[in-house]
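Engineer: Model the following, please.
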Amino acid sequence: MTRILVRTLLLFLSALAIINYLNACGKNGEAKIVEKEENVLIPVEVAKVVQDDISAYITATSTLQAEEEAEVVAKTSGIVQQIFVEEGDRVTKGQILAKLEDEMLAIEVERARAELLKLEHSFKRDQELFEKNLISSEQFQNTRFQYEAQKAAFEKAKLNLEYAKIRAPISGVVAVRYIKTGNMVKINQPVFKIVDFDPILANIFVPETEINKVQIGQKAQLRFDATNSIVYEGYVQRISPIVDPSSGTVKVILYVENRDQKLKPGMFARVKLLYDTHQKTLLIPREAVITEDDITMVYTVQDSQAIRKPVKLGYSTEKMVEILQGLSKEDLVVVVGQNSLKDSSKVEIVNSTSLNLGQ
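Structural biologist: Modelled structure (predicted):
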């Protein structure tokens, strides 16, 4: 009986020793895993906080319009005899664009001239007779009225002959030709359209809540898909004095120089209207900023450790964002890999050469 009790006690003590040994091994393994995890460095790319200028813009879209354009109309009727210009040709004010048949008009001028000479002779004769009291005042006035009426008819005939030459009312480019040789045109019928491409206008519509940021002469930048996104400069020429009640916007007219003639009426433009600039302010790349639980923050790197910092943002562009609070110049912010970080994570900077960090 005593031997059985001793054996049972030895088995119990052995089992207890094994359990204690296994527990000790487990704790050591976990400690090693934790230690290993703490030694893992997360690769990141960083950028320096820089100090530079940043501007704020009102953005809008627009369709270009010519400042001057004119529908050229026929001032007399007739058949088109000659056309001297084609679409795309540049013309100057007063240049002859086309000519109507004018033989009958020239004959009418000569007939009116002959009739005028006849009545002029009659007028001078009756004037002499009237001064000698040889004819009545009524007869002299009748002759004078006929002479004056014929003078007007002669001037009208000459004007109609001149109107057979269709001239450009403005300088610009022929945008549309509506007629062909041999066509019959009537008075006031459109025959050409002329557009002046320089300068050119862009109309934008600014929300009434932002119109106080717009002033006459304010600079604007315009980009066009058709010109490979070349930036054209413009400025605010006019601001409408009223608000459109249906849209809550105010019409703003931009003046855009177009000396190279590459901009055309009807082109679609993306407009940025500069209204403020912060100089020598802190800037970081947009991709460095993350938002968690409505808190805007970035990760900075100090001594191979990621530090999470809340920041206050200001103006932004397509690539950069202004930092009003939370960072200092020359701080390093994480721009790649920040989504894998948590506060105090160990990191390895993989773009130190390009940043000249000396690490």
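
Engineer: CA atoms only: put stretch 265-275 into CSV for me.
Structural biologist: As requested, the backbone C-alpha atoms of stretch 265-275 are provided in CSV (Å, rounded to 0.1, in the frame of the first residue of the first chain):
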residue,chain,number,x,y,z
PRO,A,265,-14.8,80.0,-80.8
GLY,A,266,-16.6,76.9,-79.4
MET,A,267,-13.6,75.3,-77.8
PHE,A,268,-14.1,73.8,-74.4
ALA,A,269,-11.9,75.4,-71.6
ARG,A,270,-11.0,74.5,-68.1
VAL,A,271,-10.6,77.7,-66.1
LYS,A,272,-8.7,78.5,-62.9
LEU,A,273,-9.3,82.0,-61.6
LEU,A,274,-6.6,83.0,-59.1
TYR,A,275,-8.0,84.8,-56.1
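
Engineer: List the neighbours of it that are in contact with it.
Structural biologist: With contact meaning C-beta atoms under 8 Å, 6 or more residues apart in numbering, stretch 265-275 is reached by 55-66, 69, 175, 195, 197, 200, 202, 204, 206, 213-214, 218-226, 236, 252, 254. Glycine gets a C-beta too; all of them are placed from N, C-alpha and C.

Engineer: Just the buried residues of those residues.
Structural biologist: The neighbour-count criterion (16 or more other C-beta atoms under 10 Å) marks 56-58, 60, 62, 64, 66, 69, 175, 195, 197, 200, 202, 204, 206, 214, 218, 220-222, 224, 236, 252, 254 among these as buried.

Engineer: Just those residues: which are in strands?
Structural biologist: Applying DSSP state E to these, the entries found in strands are 56-58, 60, 62, 64, 66, 69, 175, 195, 197, 200, 202, 204, 206, 220-222, 236, 252, 254.

Engineer: Tell me where the chain has helices.
Structural biologist: Under the criterion DSSP state H, the chain contains helices at 2-38, 103-131, 137-163, 352-355.

Engineer: tally of neighbours for residue 303?
Structural biologist: Residue 303 has 6 neighbouring residues, counting by other C-beta atoms under 10 Å.

Engineer: Could I get the full set of strands for the stretch 251-359 of the chain?
Structural biologist: With DSSP state E, counting those that start in this stretch as the definition, the stretch 251-359 of the chain shows strands at residue ranges 268-285, 290-292, 295-302, 305-310, 312-316, 320-325, 332-336, 347-349.

Engineer: can those strands go into TSV with extra columns for distance to residue 157?
Structural biologist: Listed next are the strands of the stretch 251-359 of the chain as TSV, based on distance: least, C-beta to C-beta, whole Å:
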stretch	distance to residue 157
strand 268-285	50
strand 290-292	81
strand 295-302	81
strand 305-310	87
strand 312-316	69
strand 320-325	72
strand 332-336	82
strand 347-349	91
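
Engineer: Now render those strands as CSV, adding mean pLDDT and mean neighbour count.
Structural biologist: As requested, those are exported to CSV (pLDDT from 0 to 100; neighbours: other C-beta atoms under 10 Å):
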stretch, mean pLDDT, mean neighbour count
strand 268-285, 92, 17
strand 290-292, 89, 11
strand 295-302, 93, 18
strand 305-310, 92, 16
strand 312-316, 93, 15
strand 320-325, 94, 18
strand 332-336, 93, 21
strand 347-349, 89, 18
